[in-house]
Every structure is written in C-alpha cells, then in structure tokens.
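K.L.:
Here is my input; please provide its structure:
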Amino acid sequence: MTFWERLGDFIWNPWLLGFFLLVGLYYSVRTGFFQVFECGLWLKTTLGNLFKPKQHGGGKGLTQFQALATALASTIGTGSIAGVATAIFYGGPGAVFWMWISAFLGMMTGCAEKTLAVRYRERTPEGGWQGGPMYYMERGLRSRFLACFFSLCCVAASLGGGNLVQSNSIATALEHTFGWDRFPVGLVTALLTGAVILGGIGRIGAVSEKLVPCMALLFLGGGLIVLAVHWYAILPALEQIITCAFIPRAALGGGTGYSVATAMRYGIARGVFTNEAGMGSSAIAHAAAQVRDPAEQGMWGIFEVFISTLLVCSITALVILTTGVYQPETALLAQASGQVTSAMVGAPLSAAAFCTVFGPWGARLVSVCLLLFAFTSLLGWSYYGERALTYLIGSHRWIWPYRLVFLVSVAAGSVIDLSAVWQMADVFNGLMALPNLTALLLLAPEALALLFRFQRTVSIH
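P.N.:
I've put the predicted structure just below:
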C-alpha cells in the first residue's frame, strides 16, 4: 500500500464519512427535516423558477440556474457512471441504500454551505460576485488559517482529480469505443476546455447552462428506456438494495460476502463524491449567483444534491441491478482471487447494462455521456481552482499561469497512469472537507437563522 493510499484510508475511513453524516443529520434535525416537509418550497423556488423568463448574467455574475449548472458540471462527473458501478461491485447492492442516506442528509449540508457562501461573498473588481468556504471561514469564523488551508487543498484537488482524472476518462472512453488515440484526444480536450475557461465565469456558466441539461437528459432518457424494458426487475432490485443494506450475505463458501460495513463505506463515499455536499467546492459556483437572499440559493443547494445523486446516480444503479450484468457471486469471487478486470467494474459495467437494450449503441451512449460529464467537470473545477488561488495570493495575477498549467495537465492526463492520482485526489478532497464541515457546524446558528427567516418571508407572501 502506497503512502497516498494509506493517508487516504486514514482520512476517510470511517470517521470522516461519519462526520459528513453527522453534519447533515444535525441540520436535518434542527430544521425539522426541511428537505422532506418543505419539499414544495424548495421545488417551487428552484424547479418553478426554471419556467419563468430568464435572467441574464450580463458578464458580471451568474443567474441562479447558471450557478446550479456550473456546480452540477463538476458534481455530475465520471463518478455518476463509473463510480456508482464501482460502489456496487465492491460494496454490493446495499451500497446504493447508503448512497441515498448520504444524499438525503447531504441535501441540508448543501443548503447550509450555499447559504453561507452567499452570505459572506464579496464583489469582484468586474462587478460580479465571488465567495465560497474560504470566505465564510475568514469572515464568519475569523480563521484565516482554515481559509488558506481549504484554498490550498482546493487548488491541489483541481489540478489532480479535477482535470487529470477527467481527461483520462474522456481519452479512455473514446479509445475503447472508437479506437481513437489518447494523446490527440487529450490535446483536443485541452483546446476545447481552454476556449471556454479563458472566457471566465460568464462563459463557463453559459456553456454549462446548455451542456448540463442536454447531457443529463441524454443519460436519464437512455436509463429510463432500459428500466422500461426491464420493468419487472425494478421491485426485486429495490428489495435487494434495502435487504443488503442491513443483512450481510455470505455469497460464497467460507463466509465470504458483502458486509454492512463495506456497503456503508462505499455507499456513503459515493454519495459524497457525486454531490460534493460538505466538501465546499460547489459552493464557490453558487456564490457567484445573482440572488439577494442567501437562503434562496440554499434551495438550489438542496436541488443540486437531489439531481446529482438521488436522480442521476439512482438511475445508474437501477440500470445495473435490473439488467443482470452484475452478479454478486462473480464479483466476490473475482475480488477474493484478485482477478478483477477493467471490464468487470466502473464504466464498462454501466455500458454492459445499457447494451442489453441498445446493443453496441449502448456502449457508445455511455461513452458520449461520460465524455460530456467529464468535460463539464473540467470546466467547473477550473473555476474552483482559480477562485481558491486568487484567494490565497490576494490578486488575479497568477490566473493565466494557473490556466496554462491546468490545460497542460488536461493534455497530460489523457496518457498517464492514474492510480496514484486517484489516491491523491481522495486525500485532497478529504482535506478540503475537514475545515468546511467544521465551519458548517460552528456557523450553524447563523445558517439556520437565515433559512428560518427565508421560510417565514415566503410563507407571508
């Protein structure tokens, strides 16, 4: 086991995963489970506003939907396809249940961090807004140290998991599906990414606003067709998810099987990685939104977690479990014998499920979705890294060198070995979450007061 792998295990398992649940549970209880009993309010504030005449950012900020799309651009990434499949393979069907629990509690964590991000944001020299966890750590907690620590880890995460992993996923998908060489794919990806991020947050928001709904509808539409064909297996799959979440099964002789602890570990971790609630990264995008009431943006934080995990990831999980491409006995035997192949886990497992209905086009559909998911993740994480770096050095003079390094890394990521990069990304993501979760607990009285005030204001009107 490498140093980065040991460090990642120490940070994440199991106490940090428990910290995520604790913060989400605290906000859920204090608000009377707002995500359930005020479902109509946050859906009206978010989904209801999508059908109203559009606002325009004017280059000085983002509309609320653009802020959501930019945040979803980073959260709906390769984890939504490959990560869910990996969680099921290593954690069993029960991992899906704990992914749901993580997302359910994370809805309130996401609400709190988006609310605080807008509360403590500040104007940019161009007249827009900038903010995020580093601002509410410094201005709310009066802790410059925590703010700098978060920002440093955010920059590191953007240059590791934020671009190397995503560009490699794009190159790998296109190589396996169409036979294209990886490095030229990486160069084109870097050029396309550069054409967007060099235009700043306004262009990132405009592109995300168009790409994110298209890619989500493409994947969800394909997934729903697969589920419609295998409709008879949906209820058994749901029963399998619930049962395996609480009752460990020895699928092989000698007691080898999925344990409840394993299901919890992979399920909670996948929920965290797919919606980023508690990590603080997506709050950076929401801070740029044109909104007056901080808690109103918190409603979009709830909606973001709902879309990224409870909808997109659930479709992935059900498609895998209803099509029969995943066999617990085969997965456990491969793990026990050390003979797990790349075709058995990750995106290939998801692609195999789609192929049961679409044939060879199923793999192409998954590859295109993976390409779009990974590309939009590059856009979102480039902005997060820029904002964190700007906060660290106090000026914009290092933005262009950062962008150059980011784009070079995108090209390089298409061909490098990512085993160590994944482990480093896990470490920096965990290190980002630690100060952010701490800040969310310490600033809970203010976040809750803002939420309750918004709730009263809306009920009066």
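
K.L.:
can you pull the buried residues of stretch 201-216?
P.N.:
201-202, 204-209, 211-212, 215-216 (16 or more other CB atoms under 10 Å). Quick note: C-beta positions are derived from backbone N, CA and C, even for glycine.

K.L.:
then it to CSV, C-alphas only?
P.N.:
What follows is stretch 201-216, C-alpha atoms only, in CSV (Å, rounded to 0.1, in the frame of the first residue of the first chain):
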residue,chain,number,x,y,z
ILE,A,201,-17.0,32.5,-15.2
GLY,A,202,-19.5,34.1,-17.6
ARG,A,203,-18.6,31.8,-20.4
ILE,A,204,-18.3,28.8,-18.1
GLY,A,205,-21.8,29.5,-16.9
ALA,A,206,-23.2,30.0,-20.4
VAL,A,207,-21.7,26.7,-21.7
SER,A,208,-22.7,24.7,-18.6
GLU,A,209,-26.2,26.1,-18.8
LYS,A,210,-26.5,24.5,-22.2
LEU,A,211,-24.4,21.3,-21.8
VAL,A,212,-25.6,20.1,-18.4
PRO,A,213,-29.3,19.8,-19.2
CYS,A,214,-28.5,18.1,-22.5
MET,A,215,-26.1,15.5,-21.0
ALA,A,216,-28.4,14.8,-18.1
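
K.L.:
what's it in contact with?
P.N.:
Residues from elsewhere that reach stretch 201-216 (CB atoms under 8 Å, 6 or more residues apart in numbering): 57, 59-63, 65-67, 69-70, 72-73, 76, 128, 196-197, 288, 307, 312, 369, 372-373, 375-376, 379-380, 382-383.

K.L.:
So which residues of the chain form strands?
P.N.:
122-123, 129-130 (DSSP state E).

K.L.:
Tabulate those strands (a markdown table), appending mean pLDDT and distance to residue 41.
P.N.:
Compiled in a markdown table, the strands of the chain are given as follows (pLDDT from 0 to 100; distance: least, CB to CB, whole Å):
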| stretch | mean pLDDT | distance to residue 41 |
| --- | --- | --- |
| strand 122-123 | 90 | 28 |
| strand 129-130 | 88 | 24 |
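
K.L.:
mind checking which of those strands is nearest residue 115?
P.N.:
strand 129-130 (14.3 Å; CB to CB).

K.L.:
For the closest one, name the packing helices and strands.
P.N.:
strand 122-123 (3 or more CB pairs under 8 Å, 6 or more residues apart in numbering; DSSP states H and E).

K.L.:
if we go to 10 Å?
P.N.:
helix 94-119, strand 122-123, helix 360-393 (3 or more CB pairs under 10 Å, 6 or more residues apart in numbering; DSSP states H and E).

K.L.:
Mind listing what's buried along the longest one?
P.N.:
In terms of neighbour count (16+ other CB under 10 Å), helix 360-393 has its buried residues at 362-392.

K.L.:
Pass me the low-pLDDT residue ranges in the chain, would you?
P.N.:
In the predicted model of the chain, residues 1, 51-61, 77, 248-257, 342-343, 417-422, 461 satisfy pLDDT under 70.

K.L.:
Identify the residues contacting the nearest residue to residue 434 once chain neighbours are set aside.
P.N.:
Leaving aside its sequence neighbours, residue 434 sits nearest to residue 16 (CB to CB, 6 or more residues apart in numbering; 7.1 Å). Contacts of residue 16 were listed using CB atoms under 10 Å, 6 or more residues apart in numbering, and they are 10, 268-269, 272, 278, 429-431, 433-434, 437.

K.L.:
Please report the number of neighbouring residues for residue 5.
P.N.:
16 (other CB atoms under 10 Å).

K.L.:
any idea how far residue 164 is from the spatially closest residue to it that is not a sequence neighbour?
P.N.:
Distance criterion CB to CB, 6+ apart; nearest residue to residue 5, sequence neighbours excluded, is residue 423 at 4.9 Å. When CB to CB, to the nearest Å is applied, the distance between residue 423 and residue 164 equals 12 Å.

K.L.:
what do you get for residue 223?
P.N.:
28 Å.

K.L.:
higher neighbour count, the two?
P.N.:
Using other CB under 10 Å as the criterion, residue 223 and residue 164 rank with residue 223 on top: 24 against 21.

K.L.:
Now that one. Nearest residue, chain neighbours left out?
P.N.:
residue 315 (3.9 Å).

K.L.:
Residue 346 now?
P.N.:
residue 82 (4.1 Å).

K.L.:
residues in contact with that neighbour?
P.N.:
So residue 82 contacts 169, 172-173, 316, 345-351, 366, 370, 373-374 (CB under 10 Å, 6+ apart).

K.L.:
one more time with 8 Å, if that's ok
P.N.:
Contacts of residue 82 (CB under 8 Å, 6+ apart): 169, 346-347, 350, 370.

K.L.:
Keep only those of those residues that are in helices.
P.N.:
Using DSSP state H, the subset of those located in helices is 169, 347, 350, 370.

K.L.:
Just send these back as JSON lines, with distance to residue 21 too.
P.N.:
Converted to JSON lines, the ones in helices among the contacts of residue 82 look like this (distance: CB to CB, whole Å):
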{"residue": "169", "distance to residue 21": "28"}
{"residue": "347", "distance to residue 21": "28"}
{"residue": "350", "distance to residue 21": "26"}
{"residue": "370", "distance to residue 21": "29"}
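
K.L.:
What is the most widely separated pair among these?
P.N.:
It's 169 and 350 that sit farthest apart of the ones in helices among the contacts of residue 82, by CB to CB, at 12.3 Å.

K.L.:
so residue 325 sits right up against residue 353, yeah?
P.N.:
Yes - look at residue 325 against residue 353 with CB atoms under 8 Å: they come within range, at 4.8 Å.

K.L.:
Compare those two (neighbour count), which wins?
P.N.:
More crowded of residue 325 and residue 353, by other CB under 10 Å: residue 353, with 27 against 19.

K.L.:
residues contacting the more buried one?
P.N.:
226, 319-320, 323, 325-326, 362.

K.L.:
Which pair of those residues spans the longest distance?
P.N.:
Among the contacts of residue 353, 326 and 362 lie farthest apart (CB to CB), at 15.0 Å.

K.L.:
Residue 363 versus the nearest residue in space to residue 180 that is not next to it in sequence, what's the distance?
P.N.:
Nearest non-adjacent residue to residue 180, counting by CB to CB, 6+ apart: residue 174, 4.6 Å away. From residue 174 across to residue 363, the span is 11 Å (CB to CB).

K.L.:
Number of residues surrounding residue 403?
P.N.:
Neighbours around residue 403, by other CB under 10 Å: 17.

K.L.:
what's near enough to touch it?
P.N.:
Residue 403 touches 194, 197-198, 382, 386, counting by CB under 8 Å, 6+ apart.

K.L.:
ok, these vs residue 407, which is closest?
P.N.:
Distances from residue 407 to the contacts of residue 403, taken by CB to CB, are shortest for residue 194, at 5.0 Å.

K.L.:
What sits closest to the closest one if chain neighbours are left out?
P.N.:
In this structure, residue 194 finds its nearest non-sequential neighbour in residue 407, 5.0 Å apart by CB to CB, 6+ apart.
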